[in-house]
Every structure is written in C-alpha cells, then in structure tokens.
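Asks: Model the following, please.
(chains A and B)
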Amino acid sequence: SQQGEEDPQALSIQEGENATMNCSYKTSINNLQWYRQNSGRGLVHLILIRSNEREKHSGRLRVTLDTSKKSSSLLITASRAADTASYFCATDDSSYKLIFGSGTRLLVRP
Amino acid sequence: DTAVSQTPKYLVTQMGNDKSIKCEQNLGHDTMYWYKQDSKKFLKIMFSYNNKELIINETVPNRFSPKSPDKAHLNLHINSLELGDSAVYFCASSHAGSSYEQYFGPGTRLTVT
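Replies: Next up is the predicted model:
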C-alpha cells in the first residue's frame, strides 16, 4: 500500500505563527490532496495539487509537491485558533482510490 | 443544505447484532465511498460505488455489505457485529475518479459492546 506518512504527528504553535506539515508517500501518484478534520467532524477538502505542479496557493495555505522525493508540505501562514484540527494528505494512483496518511494534529494556542 | 448526510450519527449495539448506516448525497456526484476511521484516526477506504456499481472492495470482512439503490445513496449493512468493528464510519462522494475532491459526511460513531 502507498499509505502516506505525515510528519510531525502532532504540532503545537502560538496563534500568528506558521505551521508546516509534511507528507511522504511511496509510489507514483496522479495528484495529492490535503484535508482537514475538526474534532468529531468529517474531513474537509483543502487543496489538490497535480503531479505536474510544484506549488499551489489557496488563501493562507501553501502546498508544495516534490515528486522526486515523493513528498509534499502544507504551510498554514498566520495561524488562528480555528485552524486547530487534524490535517491529512491523500494520494491517488489513477484508480478511484485515495490513500490517506496518518495525519498531523495541529493545536494553535490563542 | 447538507451535502453528504449520514444516519445515525451514533450507534451503540451489542456484539452479534446486525445494523445499517445510511448515506445520501445531494451533490449530483457519480461516486460514493465508505471509509473506516479507527481510534488512532487512521482512515481506510472500504468500498466505492460508481453509478451504483461496486468499483472498490478492499479486504473487508464479508459481514460488511454495501448497497447502492441509486446514485445518491450508499448504505452500509453490517452483520454479526464484533468488538473490532467499533470505529467512526464516514461516507463520502465525488465526481468519477480520484482526481476530484471528496466530500465527507459527518460520520457515524459505532460502538460495539
């Protein structure tokens, strides 16, 4: 299986700081997606980056993809307490299946 | 309007019972999924249907049987529940193919005692 691994498993920062989460995967992909999960809720899609893209922005989110290293990073700038959640990367191999990583738990302290 | 809805939100039942979880999406998507999230938050695909046809069936015990009466609904029936089935089950939907974002339901927390 090409399960992604997120790093770190947990991250605690002060409001206003930037948060960086990393994801590594094992095999070739078509695209990589990042999702957020608030406690007790379903996952919410944040951003999708295709294998031929290197960087993508959406508001305070910046995602990079390095297919040679099979890794991606998610940067949240100027974090807010409301960003507290678990963040998951998910990869696909051109099938209908997304493989989710183990997640990073982010705590943003007010 | 809720895009992907699941019922029930909580389900507490005893070992050996049979239970169903229902899922409906009003997004007009062709593809629906069931995921299982364990206590360590690890999310794993169980099944996927595209236009009412089963396209993904991971190594899930055959006590689990999905049913898709139409494109907007994907239900999950579980027979002879076991303690290890305790988890949060998420339904999701998307346009056909994994190159599209998936929309998740709120989850059903199943506790087997």
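
Asks: Just the pLDDT at the residue nearest the centre of chain B, thanks.
Replies: In chain B, the residue lying closest to the centroid (C-alpha atoms, centre = their mean) is B:Trp34, at 3.1 Å. With respect to pLDDT, B:Trp34 scores 95.

Asks: Sticking with it, tell me its helix or strand.
Replies: Under the criterion of DSSP states H and E, B:Trp34 resides in strand B:31-37.

Asks: Would you give the sheet partners of that strand, along with the direction of each?
Replies: Strand B:31-37 sits in its sheet next to strand B:43-50 (antiparallel), strand B:87-94 (antiparallel), going by DSSP bridges.

Asks: Toward the C-terminus, what is the element adjacent to the last one?
Replies: What that stands for is strand B:87-94. Using DSSP H and E, the helix or strand that follows strand B:87-94 towards the C-terminus is strand B:103-104.

Asks: Can you name the next helix or strand after that following strand?
Replies: Following strand B:103-104 in sequence order, the next helix or strand is strand B:108-112 (DSSP H and E).

Asks: List the contacts of the strand or helix carrying B:Lys67.
Replies: In this structure, B:Lys67 sits in strand B:64-70 according to DSSP H and E. Applying C-beta atoms under 8 Å, 6 or more residues apart in numbering or on different chains, the external contacts of strand B:64-70 come out as B:32, B:34, B:46-47, B:49, B:52-54, B:74-79. The way it works is simple: take the backbone N, C-alpha and C, and place the C-beta from them, glycine included.

Asks: Tell me the one of those nearest chain A?
Replies: Distances from chain A to the contacts of strand B:64-70, taken as C-beta to the nearest C-beta, are shortest for B:Tyr49 (9.5 Å).

Asks: pLDDT score for the spatially closest residue to the closest one that is not a sequence neighbour?
Replies: The shortest distance from B:Tyr49 to any non-neighbouring residue, by C-beta to C-beta, 6 or more residues apart in numbering or on different chains, is to B:Ser68 (4.4 Å). At B:Ser68, the pLDDT value in this model is 93.

Asks: same thing with A:Gln37?
Replies: For A:Gln37, the pLDDT comes out at 97.

Asks: hang on, isn't A:Arg50 packed against A:Gln33?
Replies: No. If you go by C-beta atoms under 8 Å, A:Arg50 and A:Gln33 don't touch, sitting 10.1 Å apart.

Asks: Many thanks, we can stop here.
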